[in-house]
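[1] Quick one, structure for this:
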Amino acid sequence: MSVQKNLFLKWRKIENSSGHLPKARHGHRAITIKNMMLIFGGGNDGIIDEFHVYIPNENKWIWPKMTGDTPPGLAAYGMTNNATNVFVFGGMLEFCRYSTSLYQLKLTNWEWKKIIPFVEKNQESPCARLGHSFVMHTSGQKILLFGGMFNQNEDDPLNHSPKYLNDLYILDIGKDSSNYKWSIPVTKGQSPSPRESHTAIIHKHQTTGHDRMLIYGGMDNNRLSDVWILDLQSMSWSSPQITGIAPEPRSLHTANVVGNKMYIFGGWTLMDKSTNNNASSKASESNFKEYWKCSNTLAILDLNQLHWIAPKIYKSDDSDDSIPKPRAGHSSAIIGSRLYIWSGRDGYRKAWNNQVCCRDFWYIDLECPLAPKNLQLIKSTFDSLFLTVDPDINIERYLVQIKLTSQVVHKTQPIKSIPNTKPSLSQSVATTSSSSNQLPTTATNHPATTTSTNQVIGKKIVVKIFDKKSGKFTETPVERFPEIKQVLERNNGKITPQELLVMVKNHLASKNTVNSPTTSATALTSTSGSVDSNKSATTTAMLPLPPPPPSTPSSSSSTSDVIAINDSESRRDSITKTKSLETAKIPQSDGPDDSETSGTLTTSITPVIEDIWYDVGLFSKPSFCIEHYFVPKNPQKLTTHNRIDKEYEYNDSTQFKRVKLESATRYKIRVAGINAHGLGPWCEGPIRGHFQTCAANLPSAPSNVKIYSVSEGVHISWLNIVSGDLNEIIEHSVFMAVDKEKVPSKNQLQDQPFLKVYEGAQNHCIISEQLIKMAHIQPGPKPAIIFRIASQNKYGYGPGTQIRWLFEESSATDTLIQRMAM
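    Residues are numbered from 1 along each chain as shown. Below is the predicted model:
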């Protein structure tokens with residue numbers, strides 16, 4: 001299927017929102033904080049002092065609890081923000097009474113604080129006003145205030161005498177709040193005419209690299225359509241000539257920037273251009289609507305070319321429900337490349353002497369989505385692949401395609417037992433890129449099983465060696481540090497950090513060298529399982545997971561976040577007197593190992609038949625269960641779609657043949673996002689981009705994983721599905737992500753190392769506190785420690801499971817998100 005860039009912009013109506021829904025209003029403001037939309041103030045039947053937050057991923061409104069010097073209800077005020085604070089200045093308190101107060105909202109704890117800034121010597125602070133612009137400099141250290149309207153009869157608010165302003169102030173917020181300062185900058189050139197209810201944006205000029213403030217529209221008895229630019233480096237005003245067809249003059253509109261374009265929506269515009277000659281002063285309340293009307297037009301200004309663009313808006317033929325109603329005094333916010341519009345005044349309509357306000361909520365995609373990020377395998381089975389990408393709120397659906405690369409036919413042989421020998425304990429570290437989906441696997445065919453208990457770095461450790469023939473354990477005390485190996489995949493003689501090898505210590509030693517011509521499919525796939533934790537940790541899936549296949553136990557009340565890979569080849573290196581190394585590819589679930597393999601591998605590669613991408617389907621969520629794909633019977637006659645709205649009839653047997661995935665087969669997968677604007681670029685995962693289904697005879701992935709704290713450290717247990725002698729488990733391995741700085745090693749590690757913290761026959765272990773101190777705490781909204789578990793039968797290691805054990809450690813950003821979710 002081919003999805004082309006849409007020539008039309010299309011509005012989408014947001015419905016069925018949950019949570020504490022805000023009241024419809026006008027004169028409010030909206031800003032964006034970390035992919036969330038925040039609105040405050042405005043009103044209709046009285047001015048509202050509520051602060052609401054919209055979370056697009058959940059389609060939910062929340063009402064966070066505020067503390068501190070909470071501001072009163074305000075309308076037509078100024079609001080802006082940087083990464084940590086929201087700032088509010090001015091606005092209407094009640095009819096004809098305006099504010100001069102400055103408030104700061106700290107986002108880490110939702111605490112308001114009233115600020116009284118210093119004033120530059122021989123200058124005055126801004127007067128009370130409404131309808132002004134209040135925008136943040138790109139540095140996040142300065143705020144620019146321009147224009148607005150104030151009442152000249154401040155002592156007699158009811159005797160309203162409005163005056164339009166064109167003054168410019170800069171609020172320096174670079175220091176702590178006790179040192180904020182107002183100043184009036186010296187500018188060059190002619191300033192814009194006085195106005196209110198205009199818009200201002202900040203952007204960086206593509207050619208000069210200078211930050212610029214752009215003023216558009218507003219009113220001064222007349223609606224305005226002029227554009228003014230202030231170069232913030234030279235502090236020079238200019239009114240450039242704008243090409244293209246300019247939109248109608250307007251006020252009480254909104255302006256937002258995406259990329260190099262400014263998007264203007266709505267506002268009061270002229271009923272007839274010929275009436276713009278002092279129409280406001282001529283119009284009485286009874287005939288005001290003869291001059292002005294609300295608009296629902298969208299205009300685009302190219303900020304680099306200074307050219308107006310008239311977009312084509314998709315509109316349904318049978319009704320006007322496909323576009324927002326005309327409005328003014330609404331709010332807007334940009335999240336990603338999506339423009340959100342909420343509420344606003346619905347023209348002149350009134351009910352019970354109150355203005356009727358729009359209750360609807362809309363968005364429009366202004367650009368195609370970016371390529372999805374972090375394509376990774378969640379689970380691999382014999383005939384299916386489960387993959388995910390990071391969620392993206394600008395993507396409505398995900399188009400997944402697949403391509404067959406090769407098939408691996410395994411003639412697996414059981415692992416032969418060898419005599420028990422004196423052990424040599426070692427632990428290994430797998431270095432893996434944090435941005436890829438590589439997982440450490442042990443390409444192992446161990447003839448004996450090693451069990452270590454109470455692992456303590458630098459102290460004696462009791463190692464149990466399990467002999468397959470006798471069925472007994474022998475105990476040997478060993479004292480040493482874990483050895484850490486860093487091996488990088490070779491790519492034409494160069495080091496490629498995205499493709500890595502894992503050096504895994506074989507925990508056996510022997511006087512004789514044994515070379516076994518055995519091949520086993522090694523995989524680290526994953527299953528959903530429960531994670532039990534005490535008060536110090538919680539368990540929540542960080543990504544939505546697909547349902548497990550029938551052969552996998554379902555998870556309990558809480559689920560683990562699991563990531564997996566699949567490797568088709570493994571080898572067993574020579575066992576020497578002191579130690580032996582065995583290597584396993586960490587191929588991001590991709591192709592064969594480039595390194596030489598000891599022993600004879602009875603593996604054949606089927607050549608690629610067709611190097612063609614086939615559709616898997618369209619998915620509404622960023623998780624994909626791939627069990628088959630569709631091969632078109634006549635690709636040349638297929639229709640090219642340019643909109644997501646038109647469904648593709650995959651079930652039409654006259655056009656498509658459904659092909660199931662095969663076991664032990666490598667596939668390439670790619671994913672692209674689609675929104676109303678069109679198809680975005682492809683994400684093809686890791687460098688090689690291969691994902692492989694599992695081979696037969698291997699054990700299932702560990703499931704029902706439980707993790708909880710004990711006095712000695714952290715206890716981990718898991719279960720495996722065992723069906724007869726074929727899948728009898730003889731060994732388990734547990735890896736833990738560690739910080740390279742905390743691990744005693746002479747090697748300089750790169751990327752994220754993984755330390756093997758357990759290898760043994762028991763399906764449970766205790767990770768000591770000293771090892772836990774070496775753990776890498778994965779940052780994010782829910783910090784976590786990552787464990788990886790895999791099990792081995794006589795044919796080799798099977799699919800593995802990755803578990804994220806949530807760790808209580810909150811940063812300011814985490815606190816913000818946690819409080820918002822309350």
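[2] so residue 295 touches residue 249, yeah?
    No - using C-beta atoms under 8 Å, residue 295 is not in contact with residue 249; the gap is 10.4 Å. (Each C-beta comes from the backbone N, C-alpha and C, glycine too.)
[3] Overlap of the contact sets of those two?
    residue 269 (C-beta atoms under 8 Å, 6 or more residues apart in numbering).
[4] out of these two, which sits in the busier spot?
    Using other C-beta atoms under 10 Å, the more surrounded residue of residue 295 and residue 249 is residue 295, with 23 against 19.
[5] so the more buried one bridges to which residues?
    residue 327 (DSSP bridges).
[6] So it versus residue 310, what's the distance?
    For residue 295, the distance to residue 310 equals 14 Å [C-beta to C-beta, to the nearest Å].
[7] next one: residue 54
    29 Å.
[8] who has more neighbours, these two?
    Comparing residue 54 with residue 310 by other C-beta under 10 Å, the one with more neighbours is residue 54, at 25 against 13.
[9] so what's the closest residue to that one other than its chain neighbours bridging to?
    Of all residues not flanking residue 54 in the chain, residue 37 sits nearest, at 4.2 Å (C-beta to C-beta, 6 or more residues apart in numbering). Applying DSSP bridges to residue 37 gives these bridge partners: residue 32, residue 54.
[10] doesn't residue 53 make contact with residue 37?
    Yes - when contacts are counted by C-beta under 8 Å, residue 37 is listed as touching residue 53 (7.2 Å).
[11] So residue 96 is in contact with residue 151, correct?
    Yes - contact criterion C-beta under 8 Å: residue 96 and residue 151 qualify, at 5.7 Å.
[12] Which one's more surrounded, these two?
    Neighbours were counted for residue 96 and for residue 151 using other C-beta under 10 Å; residue 151 has more, 21 against 16.
[13] Can you name the residues that contact the more buried one?
    Contacts for residue 151 (C-beta under 8 Å, 6+ apart) come out as 96-98, 128, 157, 160-163.
[14] With residue 106 instead?
    Counted by C-beta under 8 Å, 6+ apart, residue 106 has contacts 84-85, 112-113.
[15] For it, give its distance to residue 333.
    20 Å.
[16] what about the spatially closest residue to residue 237 that is not a sequence neighbour, neighbour count?
    Once flanking residues are discounted, residue 237 sits nearest to residue 189: 4.0 Å by C-beta to C-beta, 6+ apart. Other residues lying near residue 189 total 14 when counted by other C-beta under 10 Å.
[17] How about residue 361?
    Residue 361 has 21 nearby residues by other C-beta under 10 Å.
[18] What of residue 371?
    For residue 371, the count of nearby residues is 17 (other C-beta under 10 Å).
[19] Next up, identify which helix or strand it is on.
    Under the criterion of DSSP states H and E, residue 371 resides outside all helices and strands.
[20] ok, and for stretch 179-187, which residues are buried?
    180-184 (16 or more other C-beta atoms under 10 Å).
[21] CSV please, covering these and showing pLDDT and distance to residue 701.
    What follows is the buried residues of stretch 179-187, written out as CSV (pLDDT from 0 to 100; distance: C-beta to C-beta, whole Å):
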residue, pLDDT, distance to residue 701
180, 96, 56
181, 96, 61
182, 97, 62
183, 97, 63
184, 97, 67
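[22] In contact with residue 682, which residues?
    Counting by C-beta under 8 Å, 6+ apart, residue 682 touches 371, 670-672.
[23] do residue 24 as well
    44, 343, 357-359.
[24] can you put those residues in a markdown table and add secondary structure, distance to residue 73 and pLDDT?
    Shown next, in a markdown table, are the contacts of residue 24 (DSSP: H, G, I helix; E, B strand; the rest coil; distance: C-beta to C-beta, whole Å; pLDDT from 0 to 100):
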| residue | secondary structure | distance to residue 73 | pLDDT |
| --- | --- | --- | --- |
| 44 | strand | 11 | 88 |
| 343 | coil | 15 | 97 |
| 357 | strand | 15 | 93 |
| 358 | coil | 20 | 94 |
| 359 | coil | 19 | 92 |
